[in-house]
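In: mind looking at a prediction? Sequence and model below.
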Amino acid sequence: QVQLVESGGGLVQAGGSLRLSCAASGRTLSIYVMGWFRQAPGKEREFVATMSWRGDMTLHAASVKGRFTISRDNAKNTVYLQMNSLKPEDTAVYYCTAAQAYGGTHVSNYDYWGQGTQVTVST
């Protein structure tokens, strides 16, 4: 099993920045990719970004490309999501996720999930 714990969410004004962190523990050697999804009230969970644990593949959703950046620190078993130029429509619960194979953009491809962290962007 893999445990994921997110941190770093909060309230920020539009145009501001936040950095989310996700610490993985347990059977981390089984992880192939890690990523971030988000879910706004009344909406489905949507893909934000993913990257391979080796760092040779990254993918960002079109809605966040150029504003958000996923990165990782293998020594700390931690993945980050740097969010800049935040917009009110970025308001959501952000979930860290991990997969034992290529995850892509589909929720069903991921094996492990964190508890989520709230990000609220005010106008």
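Out: Nice, thanks for sending it over.
In: ok, now which ones touch the residue nearest to residue 9 when sequence neighbours are not counted?
Out: Using CB to CB, 6 or more residues apart in numbering and skipping the chain neighbours, the partner closest in space to residue 9 is residue 117 (3.4 Å). Heads up, the C-betas are built off the backbone N, CA and C, glycines and all. Contacts for residue 117 (CB atoms under 8 Å, 6 or more residues apart in numbering) come out as 6, 7, 8, 9, 20, 93, 94.
In: bridge partners for the residue most central in space within the chain, pull those for me.
Out: The chain has residue 36 as the residue nearest its centroid, 2.2 Å off, counting by CA atoms, centre = their mean. The partner list for residue 36 in beta bridges (DSSP bridges) reads residue 49, residue 96.
In: coming back round to it: top of the contacts of residue 117 by neighbour count?
Out: residue 20 (25 neighbours; other CB atoms under 10 Å).
In: distance of that residue relative to residue 58?
Out: 16 Å (CB to CB, to the nearest Å).
In: if we can go back for a sec, pLDDT and distance to residue 50 added to the contacts of residue 117, as a markdown table?
Out: Below are the contacts of residue 117 laid out as a markdown table (pLDDT from 0 to 100; distance: CB to CB, whole Å):
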| residue | pLDDT | distance to residue 50 |
| --- | --- | --- |
| 6 | 96 | 15 |
| 7 | 96 | 19 |
| 8 | 96 | 18 |
| 9 | 95 | 19 |
| 20 | 98 | 14 |
| 93 | 98 | 17 |
| 94 | 98 | 13 |
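In: what about residue 102, how many neighbours?
Out: 11.
In: what of residue 107?
Out: 16.
In: just residue 68 next, same as before
Out: Count around residue 68 with other CB under 10 Å applied: 21.
In: what does residue 103 give?
Out: The burial count for residue 103: 24, using other CB under 10 Å.
In: now do the one 10 residues further on
Out: Counted with other CB under 10 Å, residues neighbouring residue 113 total 16.
In: residue 39 now?
Out: 15.
In: contact partners for the residue lying closest to it once chain neighbours are set aside?
Out: Nearest non-adjacent residue to residue 39, counting by CB to CB, 6+ apart: residue 45, 4.3 Å away. Applying CB under 8 Å, 6+ apart to residue 45 gives the contacts 37, 38, 39, 95, 107.
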